[in-house]
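Participant: structure here, sequence nowhere to be found:
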């Protein structure tokens, strides 16, 4: 029983939901009822007299629970089209499906649970008793078009969640609640991090001063880390002629994901959707020898991509992306070492941001599809994939291997991370590229004087500012660590006579490049509450006593009251936190 | 005689040039012969038998000098069209001009010098003796279309330079020679600072790693300076819908200077040609009160502008510009103080970059054109212009006032700077804007609860990376000061046995974020020469002695051999130079 897959339990719950609805509204017509990633749903057409609403969820759940406790068997039956049409004569949607199944020449199967019969492929639990009675919940009722087709009848969809146990259900519910509180769009507005404007355009975020502080800090981190790792920085235009994207192969294959061209002086100029072609041109700008490799070119480049209006979502789906991009040009011999170093960067960043759960999805090629889906370099595929696999194992990085999902020009690694509340995000993609450098005619002279084509690693460990800051807002619930906080210190003079001292303190902290605000209006209590709402890491309250002793009364957002400290003590503490990126 | 304007001398020299040419080729036909910024030219159609070449310059100059020494009078005469046509019957180009002058109903005037007569408005010197005989030189012979019209006859233009004295002539010649050596396109390629690529497009620089170091250092300087001056940083997209530019008024009036639109989802998107509209939207993103002002929004924003292909010139005329931009929103009361602070920024930067000669061109409105060329706010014009004038005077900044050249929406200040070799560059433009904030509906609540429209100061003291780095390359002849140098230290191990020590030293310097290269191939002498060519500020030579004493033998690019110093002494020296931006 323990091992029944959760999808099977969820799908079986959909049947029990339909059974329960028919108890309440025997004339209801049934649509379909599949499992989902978190539970199940069923679509109904209710008979007019008895509309079901959210208020009925409790009683429906009770009926379902009753059906579970009855330990009813699920039994499968295969029947002819004629027989099926007879059995479902009162169910027009099922009749439509029966015709389709028959037309495809497939077997028509039924599942019976007590009196209830549903047209269904299965699989299902053997007996309703296998379903945990305390680990599901109905959550939503809403309109849904038959077959998701707006020209067809609108049915009513009842959605539920279901998990292996009460504990997992409750964890999921907590996570959903938390995710709502941590919604990056809500916190982004409250904390004044970013905004959108109709006249600028959808999916094009404007970073407000406080959000820009975070982006700037991330860039400083990237720059510092990358410089130490031997990267060189470059800057490239946001546009290029179509010729560049024909060389790279993005045109015509990737054109749908790009903004349309600007016709200019008889040429077509495109907004860049990726930085690599520009970086390849920088590689090509002067002759290279093996002594120049590995060459690591980094740029926090802004790219523009077409995303459908309906798919835009806060910072998570945007049309403008500032990407922590870099391209590493190296020899085959250097590849493993370079790839290892890229992984080390990831681990370094995960540690800084307290990302404890992560996974690399390593997509490999398929031998059968060489020359079709994949560039026909069997040895290079094998060699680089073996190297990637070895490095991943040696670095102790959790990874899964997914065959036949590589990019055309080389293996691909998608980096999945989980936020503090356990939600999964795709952070970044690394790619090994052994085809495009040749398209650009990139070469280096090896130690024997021969021209060779370098490998290229595409990597962006911090993803894009948009997606990464979106993730961080949820991850930290907007309470950014000290080094990332847009405002780090709030100084609260108790009364007007203490404002001068507050100004002096602010100056002292600003001289060391701390970000300080002085809050003077409103009562002290209200001001203290405001600093909590704005999630400012440290609040310094100053009054007569503090002025006399040249101190401040310090309260931490995260650990509460710290006490009265000298200015030097406070500075030491904050310098340390900042330097350690805490 | 001292006070004859140089333009008059130059124009008179053009006549003497024509006289001289007629001595050599009496059948030559004459075009026109005006003065230029540095001298004069005259266009000729030579009779076929006697082509003139650069080889003849010396003898022509000799004839001119002879004419000067003869002290011939210039005399003016006004004549009728008929008379003019008779006198110039053998000069078809002059006949064409005579017809045009007559058609415009203007007076036809002649200038006679001895036997030579030219159709000319003047003015001229009274006597050729006024012209300094040793302060001119013929410099160039080249084709030039009659009336600069490619469909017309190609004439031959002889160009000369002319100055007040031999010393100014020589200074100009030296400056030209220096400018050639310091040509930013030549040094930019040699020092690997930037490149252009056909597939990316003309006027779109790709910043190579070494050029990016300079841009990054400039941005760090700007960021540090602006943060200290109370600016907040923002980040905005490079595109926006046409609606934004209709609100700002850039469409349709400025459309010719913008890239053509991308038609996308039924909307037109434009590449931004300026950052202000996006910044105005950030101002508008939340309600503002007088307590929020002055609000200073800064962004090193990249803008795109249409420049004709023929007008593109290295980094000086480009289509992509990374601009040291900011917009200051303030009340009228705050204006003078804010404007003064902007001037202080300029002076701060001039000092850092050793810019000793500068001038602000202060363009004001014209009362007659209020409501036509200028927004109809007579009091605001007067008030802000008075304030600007007062601040300029008080700051002791040299300035000239140019009436009737302001922008539509407020007074304008163009900042002119002179490079180390005395060439003039337009660095940046400041504008006071009292019209556009209203177009965007920007308001703040004043202390009495009334809605008010803020003033906006547009400023960009470091101009654009492209133009400013182009200027700096000439200014420093590529020998950037220590803090700006792409490579700061070259370490030269004398032999292979010294390479390990060189690596240790490099690590020590890199740990303190100095930019270091180790040069190992080639002979020591050749390597020392290479560091000179690459203008690396410090060269450290290390051999047995240095290893034993834990020192390095230090040579400065600018001051030559310094001697053997301990590593700590070198670090102290370099830290100080970097921290002081020397």
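Facilitator: Received, thanks. Everything numeric here is computed off the predicted structure, so don't read it as measured data. Numbering: from 1, shown residues only, chains lettered A, B, ... in the order given.
Participant: so does stretch A:429-449 get close to chain B?
Facilitator: No. Stretch A:429-449 does not reach chain B (C-beta under 8 Å from any C-beta of the partner chain); its nearest approach is 9.4 Å. For glycine as for every other residue, the C-beta is placed from the backbone atoms N, C-alpha and C.
Participant: so for that stretch, first residue to last residue, what's the gap.
Facilitator: Using C-alpha to C-alpha, to the nearest Å, one end of stretch A:429-449 lies 34 Å from the other.
Participant: for the nearest residue to residue A:117 once chain neighbours are set aside, which residues make a bridge with it?
Facilitator: Spatially, and ignoring its direct neighbours in sequence, residue A:117 is nearest to residue A:110 (5.4 Å; C-beta to C-beta, 6 or more residues apart in numbering or on different chains). For residue A:110, the beta-bridge partners are residue A:77, residue A:119 (DSSP bridges).
Participant: residues in contact with residue A:110?
Facilitator: Residue A:110 is in contact with A:76-79, A:84, A:87, A:117-120, counting by C-beta atoms under 8 Å, 6 or more residues apart in numbering or on different chains.
Participant: so how far is residue A:98 from it?
Facilitator: 10 Å (C-beta to C-beta, to the nearest Å).
Participant: so what pLDDT did the residue nearest to residue A:117 get?
Facilitator: If you check residue A:110, the pLDDT there is 94.
Participant: quickly note the distance from it to chain B.
Facilitator: 47 Å (C-beta to the nearest C-beta, to the nearest Å).
Participant: likewise residue A:230?
Facilitator: Taking C-beta to the nearest C-beta, one finds residue A:230 at 10 Å from chain B.
Participant: that residue sits in which helix or strand?
Facilitator: For residue A:230, there is no helix or strand it lies in under DSSP states H and E.
Participant: hey, where'd the strands end up in the stretch 151-300 of chain A?
Facilitator: Per DSSP state E, counting those that start in this stretch, the stretch 151-300 of chain A carries strands over the ranges A:154-162, A:194-195, A:206-207, A:232-233, A:239-241, A:262-264, A:267-271, A:295-304.
Participant: now these as CSV including distance to residue A:442, mean neighbour count and mean pLDDT?
Facilitator: Output for the strands of the stretch 151-300 of chain A, formatted as CSV (distance: least, C-beta to C-beta, whole Å; neighbours: other C-beta atoms under 10 Å in any protein chain shown; pLDDT from 0 to 100):
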stretch, distance to residue A:442, mean neighbour count, mean pLDDT
strand A:154-162, 51, 21, 96
strand A:194-195, 37, 24, 98
strand A:206-207, 34, 24, 98
strand A:232-233, 16, 20, 98
strand A:239-241, 17, 24, 98
strand A:262-264, 27, 17, 94
strand A:267-271, 21, 20, 96
strand A:295-304, 10, 22, 98
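Participant: which of those strands sits closest to residue B:388?
Facilitator: With C-beta to C-beta as the measure, strand A:206-207 is the member of those nearest residue B:388 (30.4 Å).
Participant: got the strands of the stretch 151-300 of chain A as JSON lines, with distance to residue A:429 columns?
Facilitator: Formatted as JSON lines, those follow (distance: least, C-beta to C-beta, whole Å):
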{"stretch": "strand A:154-162", "distance to residue A:429": "30"}
{"stretch": "strand A:194-195", "distance to residue A:429": "23"}
{"stretch": "strand A:206-207", "distance to residue A:429": "23"}
{"stretch": "strand A:232-233", "distance to residue A:429": "21"}
{"stretch": "strand A:239-241", "distance to residue A:429": "22"}
{"stretch": "strand A:262-264", "distance to residue A:429": "28"}
{"stretch": "strand A:267-271", "distance to residue A:429": "20"}
{"stretch": "strand A:295-304", "distance to residue A:429": "13"}
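Participant: low-scoring pLDDT stretches of the stretch 201-350 of chain A, where are they?
Facilitator: Under the criterion pLDDT under 70, no range of the stretch 201-350 of chain A is flagged.
Participant: part of a helix, is residue A:59?
Facilitator: Yes. Assignment of residue A:59 by DSSP: H, G, I helix; E, B strand; the rest coil places it within a helix.
Participant: from residue B:379, how far off is the nearest residue to it once chain neighbours are set aside?
Facilitator: Leaving aside its chain neighbours, residue A:59 sits nearest to residue A:24 (7.8 Å; criterion: C-beta to C-beta, 6+ apart). In this view, residue A:24 and residue B:379 are 76 Å apart by C-beta to C-beta.
Participant: same deal with residue A:142?
Facilitator: For residue A:142, the distance to residue B:379 - C-beta to C-beta - is 60 Å.
Participant: neighbour count winner among the two?
Facilitator: Set side by side, residue A:142 and residue B:379 show more neighbours around residue A:142, with 10 against 7, by other C-beta atoms under 10 Å in any protein chain shown.
Participant: what's the pLDDT at residue A:2?
Facilitator: Residue A:2 is given a pLDDT of 52.
Participant: helices of the stretch 51-200 of chain A, residue ranges please.
Facilitator: A:57-69, A:81-87, A:92-103, A:166-181, A:184-190 (DSSP state H, counting those that start in this stretch).
Participant: ditto for the stretch 451-582 of chain A
Facilitator: A:465-476, A:499-511, A:524-533, A:544-549, A:567-579.
Participant: ok, back up a step: dump the helices of the stretch 51-200 of chain A to JSON lines, plus distance to residue B:236 and mean pLDDT.
Facilitator: Formatted as JSON lines, the helices of the stretch 51-200 of chain A follow (distance: least, C-beta to C-beta, whole Å; pLDDT from 0 to 100):
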{"stretch": "helix A:57-69", "distance to residue B:236": "46", "mean pLDDT": "96"}
{"stretch": "helix A:81-87", "distance to residue B:236": "61", "mean pLDDT": "93"}
{"stretch": "helix A:92-103", "distance to residue B:236": "51", "mean pLDDT": "94"}
{"stretch": "helix A:166-181", "distance to residue B:236": "29", "mean pLDDT": "94"}
{"stretch": "helix A:184-190", "distance to residue B:236": "16", "mean pLDDT": "96"}
